[in-house]
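Engineer: sequence? don't have it. structure:
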């Protein structure tokens, strides 16, 4: 059973899949960083400095003691973070679209087979003409 498992793990498909998963995770981190560090400040600039991550609907305010320590945390719907994730999804989808589009351009379609001689109809016509003579 251990030998079968080793053979299964060492097949090319499993290793290729593992590499793809690791690269996808790394690409996800890069794209998340791009969105949070470059795209969102750019969008915030054009929306008069609004940071989507800070947008929320407070359901219950935080309870503080007289010395400022929090006894009960704030309960809020953080819809701004969700908006950031939607923008992240759109950027990831667009980047993947560009990657697939570039990959498809690199694939060359198979060249059509050149005719190697006269077609079957031409040969049959010649045979018919020869037989008529």
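Structural biologist: Alright, I've got the coordinates. A quick note: this is a predicted structure, and the numbers were derived from the prediction, not measured.

Engineer: Would you list the phi and psi of residue 68?
Structural biologist: Dihedral pair for residue 68: phi 100, psi 0, per degrees, to the nearest 10.

Engineer: For it, give its distance to residue 59.
Structural biologist: 22 Å (Cβ to Cβ, to the nearest Å). The C-beta positions use only the backbone N, C-alpha and C, and glycine is treated the same way.

Engineer: buried set for stretch 37-50?
Structural biologist: Of all the residues in stretch 37-50, those buried under the rule 16 or more other Cβ atoms under 10 Å are 39-40, 43.

Engineer: Counting neighbours, go ahead and name the busier of residue 68 and residue 59.
Structural biologist: Using other Cβ atoms under 10 Å as the criterion, residue 68 and residue 59 rank with residue 59 on top: 9 against 6.

Engineer: So that one lies in a strand, does it not?
Structural biologist: Yes. Under DSSP: H, G, I helix; E, B strand; the rest coil, residue 59 sits within a strand.

Engineer: for the longest helix seen in the chain, which positions count as buried?
Structural biologist: Secondary structure of the chain per DSSP state H: the longest helix is helix 79-106. For helix 79-106, burial by neighbour count (16+ other Cβ under 10 Å) applies to 80, 84, 87-88, 91-92.

Engineer: packing partners for it?
Structural biologist: When contacts are defined as 3 or more Cβ pairs under 8 Å, 6 or more residues apart in numbering; DSSP states H and E, helix 79-106 packs onto helix 12-34, helix 40-46.

Engineer: got a markdown table for the ones you listed, with mean pLDDT and distance to residue 1 too?
Structural biologist: Output for the helices and strands packed on helix 79-106, formatted as a markdown table (pLDDT from 0 to 100; distance: least, Cβ to Cβ, whole Å):
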| stretch | mean pLDDT | distance to residue 1 |
| --- | --- | --- |
| helix 12-34 | 81 | 17 |
| helix 40-46 | 79 | 50 |
